[in-house]
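Q: A structural model of the following input is requested.
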Amino acid sequence: MKWVLSAGVALFLLTCAAPVQGQLGSWELGIDYPQDNEDVPFNVGTDGGVSIQFFVNNEELADIGVEFDYEIPFSGEVDGPESETIGAGDNKSFMLTISGIDVWSYAADSKEEFTISATLVSRAGLPIALPGEVQEVVGNLKIPTIYSLEVDISDPVGAMNAGSDVILTVTVTNRGNVQDKVGEVEVSDNCPLLTTDNGLDSLMTSNIGAGQSVEENLIATASESHPRRNCKIEVSVSSNGAMNSGGSEIADDDTTVTVEPPLVADEENNDPEDTNNPVEIVSSSLPAPGIATLICALAIASLAAPRRF
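A: Modelled structure (predicted):
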């Protein structure tokens, strides 16, 4: 009889001990990784943001309260829960939103680690003496590859005359975060009698580092019969890197060139008082005659003059 009683007490103690053991550590913090692989990074969008889903799995027999903390790289801003209560036997998911990452300032494909921490602060509504149990999970953020070119065409200093040309400077700047080059160049205008050279093709031969620029001259020529008109010249360039990646990134800029009639010389009106018709003054580099030379000239002239008797 005593043996049976002892066995019953032992069984009762073992039964009671099992839940207590489960309450002490049976909860888990985790992240829903891309492709269920912790080595696969979360890709930051071109807007500098990314969302990360994480969870707390509570296998205890009592509710637990946890407080969260976050460490975010790339100077990102964080928006996530500060504390939560997870019911007994529940698996509760949360969303961490990261924003404000200046992806243009970091090299393409750069990776840095982020951390989510959860501290157990209560069990069954009762506070836990600090420091509480802490769990950490980590993941990686990856900066996207951004192809972005900017083109600028200089404005002319003034009007041009028909039968002349004007030189415009075209500058292409890489605003992306990876080396790029110009894939295609297109120049167009709205004046049939205005022609532009194809000198911008050399832009397609240069690699442009992130934040760097290349420039080339564009010559626009107006025929002699070109009427007075404002001509719009537009230059567009495409990103070679974007094309090779299956995308399309095009930048354009334009300027206006004013064409005036050709200059015509007016030979009929030589009035020196007319300020609208300037008279050309031709100067000589010979020295001016001196006083001695003038005296000699007068003496010779007096001797050569005929005498009257």
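
Q: can you get me a residue count around residue 169?
A: 12 (other C-beta atoms under 10 Å). Placement of C-beta: from N, CA and C, glycine included.

Q: isn't there a helix covering it?
A: No - applying DSSP: H, G, I helix; E, B strand; the rest coil, one finds residue 169 to be strand, outside a helix.

Q: enumerate every residue touching residue 122.
A: Neighbouring residues of residue 122 by C-beta atoms under 8 Å, 6 or more residues apart in numbering: 64, 65, 85, 128.

Q: export those residues to JSON lines and tack on distance to residue 36, pLDDT and neighbour count?
A: As requested, these are exported to JSON lines (distance: C-beta to C-beta, whole Å; pLDDT from 0 to 100; neighbours: other C-beta atoms under 10 Å):
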{"residue": "64", "distance to residue 36": "25", "pLDDT": "96", "neighbour count": "26"}
{"residue": "65", "distance to residue 36": "28", "pLDDT": "96", "neighbour count": "19"}
{"residue": "85", "distance to residue 36": "27", "pLDDT": "96", "neighbour count": "15"}
{"residue": "128", "distance to residue 36": "32", "pLDDT": "88", "neighbour count": "14"}
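
Q: quick one: these as a markdown table, columns for distance to residue 55 and secondary structure too.
A: Shown next, in a markdown table, are the contacts of residue 122 (distance: C-beta to C-beta, whole Å; DSSP: H, G, I helix; E, B strand; the rest coil):
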| residue | distance to residue 55 | secondary structure |
| --- | --- | --- |
| 64 | 13 | strand |
| 65 | 16 | strand |
| 85 | 14 | strand |
| 128 | 21 | coil |
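
Q: pLDDT at the closest residue to residue 245 other than its chain neighbours, what is it?
A: Closest residue in space to residue 245, ignoring its immediate chain neighbours: residue 147 at 7.0 Å, by C-beta to C-beta, 6 or more residues apart in numbering. The model reports residue 147 with a pLDDT of 96.

Q: just to revisit the earlier point, closest to residue 255 among the contacts of residue 122?
A: residue 85 (63.9 Å; C-beta to C-beta).

Q: okay, helices next: where are they in the stretch 151-300 of the chain?
A: 240-244, 291-304 (DSSP state H, counting those that start in this stretch).

Q: ranking those by mean pLDDT, which is last?
A: Across these, the lowest-scoring stretch is helix 291-304, with a mean of 57.

Q: domain parsing for this structure?
A: Following automatic domain parsing, one gets these domains for the chain: 23-142, 149-260.

Q: partner residues bridging residue 259?
A: Beta-bridge partners for residue 259, by DSSP bridges, are residue 160, residue 229.

Q: correct me, but it touches residue 192?
A: No - Residue 259 lies out of contact with residue 192 (C-beta atoms under 8 Å); the separation is 11.8 Å.

Q: low pLDDT regions in the stretch 51-200 of the chain?
A: Along the stretch 51-200 of the chain, the model assigns pLDDT under 70 to residues 198.

Q: so which helix or strand takes in residue 109?
A: Assigned by DSSP states H and E, residue 109 falls within no helix or strand.

Q: isn't it up against residue 141?
A: No - counting by C-beta under 8 Å, residue 109 stays clear of residue 141, with 11.3 Å between them.

Q: quick one: which of the two has more around it?
A: Neighbour count, other C-beta under 10 Å: between residue 109 and residue 141, residue 141 has more, with 21 against 13.

Q: got the buried residues for stretch 49-61?
A: 49, 50, 52, 54, 55, 56, 58, 60 (16 or more other C-beta atoms under 10 Å).

Q: ugh, typo on my part, it should be stretch 140-151
A: For stretch 140-151, burial by neighbour count (16+ other C-beta under 10 Å) applies to 140, 141, 142, 143, 144, 145, 146, 147, 148, 149, 151.

Q: quote the end-to-end distance of that stretch.
A: 35 Å (C-alpha to C-alpha, to the nearest Å).

Q: and stretch 196-205, by the same measure?
A: 20 Å.

Q: what sits up against that stretch?
A: Taking C-beta under 8 Å, 6+ apart as the rule, stretch 196-205 contacts 170, 172, 181-185, 187, 189, 214, 216-221, 233, 235, 237, 240.

Q: could you pull out the buried residues of it?
A: Residues of stretch 196-205 classed as buried by neighbour count (16+ other C-beta under 10 Å): 196, 200, 203, 204.

Q: got CSV for those, with distance to residue 164 too?
A: Shown next, in CSV, are the buried residues of stretch 196-205 (distance: C-beta to C-beta, whole Å):
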residue, distance to residue 164
196, 14
200, 20
203, 25
204, 28
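
Q: inside strands: which ones of those residues?
A: Counting by DSSP state E, the buried residues of stretch 196-205 place residue 196 in strands.
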